[in-house]
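Novice: next one to model:
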Amino acid sequence: MAEVSEKSSILRTGLTSSKKTKTWREAIFAVREIFQEHVYQTRGMACAVDVGGSTRLITWRGVADYNNVVMDRFEKKFFRNVERYSLQKSTVTTYGSFSFISVGREENLVILQSKVPGNEIKVSNLKAYSFSGEETIELEFKYNKSKKEHELITTGGKWEKRVTEKTSLLGSPIIDRIDDDDRAVVGVVGESDGKIVPFFITGKELGEYNSCVQYKMHTAD
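Specialist: So this is what the prediction gives:
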């Protein structure tokens, strides 16, 4: 399929001005496989974005390829109202490094913009976001000019105070701040050769997925 331009691959934002800036973190979910009632295993993270007018959760490929998967939102009140903050998986479609999860409930979700990053972002220091329990995890990637690759920074006080599970990192959204009220997802955290690394969204992947969505909508009509 033809690769789309960077401009056309920018997806519209669902984060309206009525939303407070701090609520963008509510677009992030933990992807969990349920083995039996009250027994689950976290497989990774995902983030709600708008794709072709529909809500999808974007994550690293393979994170959601399990049976009985649910997506649980970062929310301190989660265990008081599980149904409100938990989403059921409908289907998973994978293109390149990314999986797009369709969910059964889309209303009242905080949805971030998703875009193909420019070259300046790909050689800049990056931040990705996740959570563990009630704690927000901020991941920092520093670009090594000599190696031409990003390295996850795991030193300093924030890391010395805890041990972080790999599944709390995989699929975490890499977020570019557009302005005080808007954020854009430019990629997700994945694994390569045993290292935690960023994977950037490409026009080709978004173009193929958008074409798939539009085709399904057309055939459904």
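Novice: show me what the longest strand anywhere in the chain is packed up against.
Specialist: Ranked by number of residues, the top strand in the chain under DSSP state E is strand 39-51. Applying 3 or more CB pairs under 8 Å, 6 or more residues apart in numbering; DSSP states H and E, we find strand 39-51 packed against strand 28-36, strand 54-60, strand 69-73, strand 113-114, strand 173-179, strand 182-192, helix 203-220. (Each C-beta comes from the backbone N, C-alpha and C, glycine too.)
Novice: who does the spatially most central residue of the chain form a beta bridge with?
Specialist: Taking CA atoms, centre = their mean, the centroid of the chain lies closest to residue 47, which sits 3.2 Å from it. With DSSP bridges as the criterion, residue 47 is bridged to residue 28, residue 58.
Novice: who are the contact partners of it?
Specialist: By CB atoms under 8 Å, 6 or more residues apart in numbering, the contact list for residue 47 reads 27-29, 57-59, 112, 172-173, 185, 188.
Novice: do residue 28 as well
Specialist: 45-48, 73-74, 129-131, 172-173.
Novice: just the buried residues of those residues.
Specialist: Among the contacts of residue 28, those scoring as buried are 45-48, 73-74, 129-131, 172-173 (criterion: 16 or more other CB atoms under 10 Å).
Novice: still on that earlier bit, which among the contacts of residue 47 gets closest to residue 151?
Specialist: residue 172 (15.9 Å; CB to CB).
Novice: out of the contacts of residue 28, who's nearest residue 66?
Specialist: residue 46 (12.8 Å).
Novice: dump the residue contacts of that closest one.
Specialist: Residue 46 sits in contact with 28-31, 57-59, 63-64, 71, 101, 171, 173, where contact means CB under 8 Å, 6+ apart.
Novice: if we can go back for a sec, got the angle for the longest strand of the chain vs strand 173-179?
Specialist: 40 degrees (axes from the mean of the first three to the mean of the last three CA atoms, to 10 degrees).
Novice: hang on, the earlier thing: a markdown table please, covering the contacts of residue 28 and showing pLDDT and distance to residue 146.
Specialist: Output for the contacts of residue 28, formatted as a markdown table (pLDDT from 0 to 100; distance: CB to CB, whole Å):
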| residue | pLDDT | distance to residue 146 |
| --- | --- | --- |
| 45 | 94 | 30 |
| 46 | 94 | 33 |
| 47 | 94 | 31 |
| 48 | 91 | 37 |
| 73 | 79 | 40 |
| 74 | 66 | 36 |
| 129 | 93 | 27 |
| 130 | 90 | 28 |
| 131 | 84 | 33 |
| 172 | 95 | 26 |
| 173 | 95 | 28 |
